[in-house]
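Chemist: sequence below, structure please.
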Amino acid sequence: MTDGFSDDWEYEYQRRDSYTEWPWSTLISHIMRHVDVDSTNSVLELGCGTGANIPFFLGLDMDYYAIEGSETAIQHVGDRFPEIRDQVICGDFTTEFPDYGPFDLIVDRGSLTCNSTAGIKRTLRLIDQHLASGCRFVSIDNFSTDHSGFTGGNKTAEELTKRFEEGPFEGYGEIHFWTEEHIQNIYDGFIIEHLTHQVSDQIVPYKDFRQAFFHIVVKNE
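Modeler: All right, here's what the predicted structure looks like:
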């Protein structure tokens, strides 16, 4: 594994453990609430996985592009959506973006948070470079330090980044956990328009297991 896309994800997709077919409702609600979709012509998704969110964007008649690190996931997307096969590339979004921009919208659902601080900072610089002026980046499901998973795992060189050999994060490479202060610091080059901390306590089947995420909408300056 390098400081970027983890090869662990390719293994997960080969095992078909991370296949998702339906759009993520939290991403949809944030886009519909905070983005003028009628004037949004192009969208870039970071870490599209097997393409769960693609039907939503195609339904809005947007030109859809994506970068995903898993070749297996990319093959699945191409088979499922052959009309955009050439617009979904295999690569590490912490080091490169597709050359189709600038984009009217860039989105991420739970992919940016699966990186180190250094990888996240590189990605945000690329977002700033490839996002059209005055447009938005929507990032959903960034793990909070209030998440039950934060108390486990193996520490890395970074206080807020961990690796897991067992449990729900096993096989997901580096997992980055956020605080509000950390978000304010990392996104200092953007205008934060919306920031939500969502917490839910699971009772069945894993009692006392807390899910906690930050959802963020930012605009480039």
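
Chemist: from here on, just use CA atoms for contacts and neighbour counts.
Modeler: Noted.

Chemist: what does the lengthiest helix in the chain rub up against?
Modeler: In the chain, with assignment by DSSP state H, the single longest helix is helix 117-130. Outside helix 117-130, the residues that touch it by Cα atoms under 8 Å, 6 or more residues apart in numbering are 3-4, 93-97, 101-103, 106, 112-113, 137, 158, 161, 176, 186-187, 220.

Chemist: so who does Gly101 touch?
Modeler: His130, Leu131, Ala132.

Chemist: returning to that earlier point: please spell out the PyMOL selection for the buried subset of the contacts of helix 117-130.
Modeler: A single PyMOL command selects the buried members of the contacts of helix 117-130 (16 or more other Cα atoms under 10 Å):
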select buried, resi 4+93+94+97+101+102+103+106+112+113+137+161+176+220
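
Chemist: what's the offset of the worst-scoring helix or strand of the chain on mean pLDDT from the middle of its chain?
Modeler: Lowest mean confidence among the helices and strands of the chain (mean pLDDT, DSSP states H and E): helix 7-14, at a mean of 72. With Cα atoms, centre = their mean, to the nearest Å as the basis, helix 7-14 stands 16 Å off its chain's centre.

Chemist: what are the buried residues along the helix or strand just after the longest helix of the chain?
Modeler: Using DSSP states H and E, the helix or strand that follows helix 117-130 in sequence is strand 131-143. Neighbour counts over strand 131-143 (16+ other Cα under 10 Å) mark Leu131, Ala132, Cys135, Arg136, Phe137, Val138, Ser139, Ile140, Asp141, Asn142, Phe143 as buried.
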